[in-house]
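>>> 3D, please:
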Amino acid sequence: MKFTATLVALLITTLCLGQTVFKVDHFSKDYYGKIFISDTSEVFSKGWVAIYNAQTNKQLIKVDAEELALSLHDGEAKANIKELPYGEQSLIMYEDYNFDGRKDFAICDGQNSCYHGPSFRIYLATAQGFRFNEAFTQLAQENCGMFSVDDKEKKLYTMTKDGCCWHQFSEYIVVNNAPKEISIVTEESRAPFYTSTVEKWNGKRMVSSSTQSIDLSEEGVDVILSFKVPQNGKQVVLFNFNDRMLYYAVLKNEDEVEFSYPVEAVYQSHDFTFENKPGDMAVVFKNGTAVYRVYEQAGKTGVITKVGGKTYHWQGDTKTQKGSLKKITKVKLDNVY
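Model prediction:
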């Protein structure tokens with residue numbers, strides 16, 4: 001009988017071994033938290049997070065989650081660790097999100113933000129207790145992890161991404177107890193081009209502006225022909241990328257792009273036509289109704305553009321010329337006919 005009881009006790013202990021409730025305190029004199037993890041042997045586990053009144057031990061908030069990822073510090077769960085954007089983020093955050101002087105709660109509800117990152121539900125402090133807020137919660141669900149808080153400037157910041165080459169950063173103020181987006185910076189990389197788009201609230205609407213830059217030292221870039229145009233100070237560059245695609249770009253300064261073609265590279269699209277005549281080589285392409293001809297002749301180089309019945313001639317400074325259209329004959333490019 002004693003042997004049987006021992007086996008039963010051992011079985012119960014084994015079944016419950018992975019289930020643990022962690023107490024989270026020292027972040028407030030008024031509240032403490034509890035975190036239940038159903039299987040501590042897993043990186044992500046079903047569980048719940050709850051907040052309690054420290055004086056009455058009454059449960060104030062409870063959030064169930066299909067996936068919780070809990071990091072321990074000397075065996076303890078901690079609140080308010082926020083290593084943005086990809087580091088550790090506590091399952092309980094206690095901060096003032098609407099800048100009313102009262103701290104609010106952000107409670108992790110799983111891994112629902114970008115790339116399976118942690119997501120949070122926001123509960124704002126009110127005279128009647130903590131109340132779930134949909135508008136603030138969206139910021140911690142639709143971006144990458146929890147948003148950051150600037151108490152001094154009274155602003156909130158989010159970041160989201162799509163793959164390696166598209167990132168978006170937003171800035172918010174709080175108006176009528178709700179976050180209001182006042183700035184969006186979108187950064188997109190399509191090597192060797194880099195585009196930054198800034199949208200700013202001017203008091204009436206969002207105003208957008210974009211800049212594009214280029215890194216000609218990027219791996220895979222081979223400059224075929226470049227020269228400066230004395231009449232406007234711009235630089236014309238023809239280059240191939242990865243020995244597959246030809247590009248044309250006009251630079252306003254060392255790396256700022258005023259115009260580039262093609263906008264989107266498509267293999268076998270025949271964007272350019274290469275003319276190779278004795279003493280007169282040229283690359284021709286059409287963009288909308290405009291026809292461009294980048295030429296190289298004996299001692300001369302430049303660009304002739306025909307659009308709307310008019311002809312514009314940018315003659316290049318041969319002293320600044322680098323490369324030659326002859327390089328096109330040495331490599332087969334997918335978008336050159």
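>>> and the contacts of stretch 283-303?
Stretch 283-303 has contacts (Cβ atoms under 8 Å, 6 or more residues apart in numbering) with 225, 227, 229, 236, 238, 246, 248, 261, 271-275, 279-282, 304-308, 313-316, 318, 321, 324-325, 328, 336. Every C-beta, even on glycine, is put in place using the N, C-alpha and C of the backbone.
>>> for residue 32, name its beta-bridge partners.
residue 52 (DSSP bridges).
>>> how about residue 159, what does it touch?
So residue 159 contacts 84, 85, 143, 144, 167, 168, 169, 170 (Cβ under 8 Å, 6+ apart).
>>> now for those: which two are most distant?
84 and 168 (14.5 Å; Cβ to Cβ).
>>> out of the contacts of residue 159, which comes closest to residue 63?
residue 143 (18.6 Å).
>>> test my guess that the closest one contacts residue 161.
No: between residue 143 and residue 161 there is no contact under Cβ atoms under 8 Å: 9.0 Å.
>>> tell me which of the two has more neighbours.
Neighbour count, other Cβ atoms under 10 Å: between residue 143 and residue 161, residue 143 has more, with 22 against 16.
>>> then that one would be within a strand, right?
No: counting by DSSP: H, G, I helix; E, B strand; the rest coil, residue 143 is not part of a strand but coil.
>>> return the residues in contact with it.
So residue 143 contacts 113, 114, 158, 159, 160, 170 (Cβ under 8 Å, 6+ apart).
>>> the last one: what secondary structure?
Each residue gets one of three states, and residue 170 gets strand by three-state DSSP.
>>> thought it was touching residue 157?
Yes: between residue 170 and residue 157 there is a contact at 7.0 Å, judged by Cβ under 8 Å.
>>> more crowded one of these two?
Each of residue 170 and residue 157 has its neighbours counted (other Cβ under 10 Å); residue 170 has more, 20 against 17.
>>> contacts only, for the more buried one.
143, 157, 158, 159, 181, 183, 184, 185.
>>> element containing the fifth one, please.
This points to residue 181. strand 178-190 (DSSP states H and E).
>>> find the residue closest to residue 112 in space, skipping its chain neighbours.
In space, and not counting its chain neighbours, residue 112 is closest to residue 119: 3.7 Å by Cβ to Cβ, 6 or more residues apart in numbering.
>>> what does residue 21 give?
Per Cβ to Cβ, 6+ apart, closest to residue 21 is residue 36, 5.0 Å.
>>> which other residues reach the helix or strand hosting that neighbour?
Assigned by DSSP H and E, residue 36 falls within strand 31-37. If you take Cβ under 8 Å, 6+ apart as the criterion, strand 31-37 is touched by 18-25, 27, 45, 47-54, 60, 68, 70, 77, 79, 91-92, 94.
>>> hmm, try it at 7 Å
Around strand 31-37, the neighbours that count as contacts under Cβ atoms under 7 Å, 6 or more residues apart in numbering are 20-25, 45, 47-54, 68, 70, 77, 79, 91-92.
>>> and the buried ones among these, selectable in ChimeraX?
Of the contacts of strand 31-37, the buried ones can be selected in ChimeraX as follows, counting by 16 or more other Cβ atoms under 10 Å:
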select :20,22,24,25,45,47,48,49,50,51,52,68,70,77,79,91,92
